[in-house]
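Colleague: sequence plus predicted model, see below.
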Amino acid sequence: MKVARLSGTARILCLLGPMLVAAMFVVALVIEPAVRARPRLSRLFARPCVLKATTDVPCPFCGGTRSVVLASRGEWLPALLLNPLGVLLIAGGPLVALWLGLCAATGLDLGLLALNRFLSQRAVVRWLLAAISLLWLWKIVAWLAWDV
């Protein structure tokens, strides 16, 4: 079985993955605590979600930043309760970054095309939409019960 080679543009795009994961950790461990320590700056980031700011109902991704911050500090249960996506990003982010970094470094398609074909199937899209809907239901129930 022959492994396909990546184009130069695809290799550059693969490099974005590790950079985004590194940026996520920098934001979670350095920038977010610095912003919270300064009351004037923290007011700017108090309600970045448009849906929550206008309707007071959380979107499926509300609490994601706080969840990433908590998970990056090793506080897994509070992060999971706040937004499960934060735990998923912290747990899976480095693995995805390593995979994309290997693709970029070697110039080989190490499963990227297969993943693209898989994610473009209608059934997979429906499952992802269903998962986001369940996450949103979780956020609304948590919002009603605990005012998170």
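Modeller: Thanks, I have it. Numbering: from 1, shown residues only.
Colleague: need the helices for the chain, in chain order.
Modeller: Taking DSSP state H, the helices of the chain run over residues 8-26, 32-37, 39-44, 50-55, 64-72, 76-82, 84-106, 112-119, 122-146.
Colleague: give me the mean pLDDT for the third one.
Modeller: In this model, helix 39-44 has an average pLDDT of 69.
Colleague: so which of the helices of the chain comes closest to K2?
Modeller: helix 112-119 (12.5 Å; Cβ to Cβ). C-beta coordinates here come from the backbone N, C-alpha and C atoms, glycine included.
Colleague: buried residues in the closest one?
Modeller: Using 16 or more other Cβ atoms under 10 Å as the test for burial, helix 112-119 gives L112.
Colleague: run the angle between it and helix 8-26 for me.
Modeller: Relative orientation of helix 112-119 and helix 8-26, computed by axes from the mean of the first three to the mean of the last three Cα atoms, to 10 degrees: 70 degrees.
Colleague: can you give me the offset of helix 112-119 from its chain's centre?
Modeller: 19 Å (Cα atoms, centre = their mean, to the nearest Å).
Colleague: just stretch 15-29 next, same as before
Modeller: With Cα atoms, centre = their mean as the basis, stretch 15-29 stands 10 Å off its chain's centre.
Colleague: just the C-alphas of that stretch, formatted as PDB.
Modeller: C-alpha atoms of stretch 15-29 as PDB (Å, rounded to 0.1, in the frame of the first residue of the first chain):
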ATOM      1  CA  LEU A  15       1.500  22.800  10.900                       C
ATOM      2  CA  LEU A  16      -1.500  24.900  12.000                       C
ATOM      3  CA  GLY A  17      -2.800  22.100  14.300                       C
ATOM      4  CA  PRO A  18       0.200  21.900  16.600                       C
ATOM      5  CA  MET A  19       0.400  25.700  16.700                       C
ATOM      6  CA  LEU A  20      -3.300  25.900  17.700                       C
ATOM      7  CA  VAL A  21      -2.800  23.400  20.400                       C
ATOM      8  CA  ALA A  22       0.200  25.300  21.700                       C
ATOM      9  CA  ALA A  23      -1.800  28.500  21.600                       C
ATOM     10  CA  MET A  24      -4.700  26.800  23.500                       C
ATOM     11  CA  PHE A  25      -2.300  25.900  26.300                       C
ATOM     12  CA  VAL A  26      -0.700  29.400  26.400                       C
ATOM     13  CA  VAL A  27      -4.200  31.000  26.700                       C
ATOM     14  CA  ALA A  28      -5.300  28.500  29.400                       C
ATOM     15  CA  LEU A  29      -2.200  28.700  31.500                       C
END
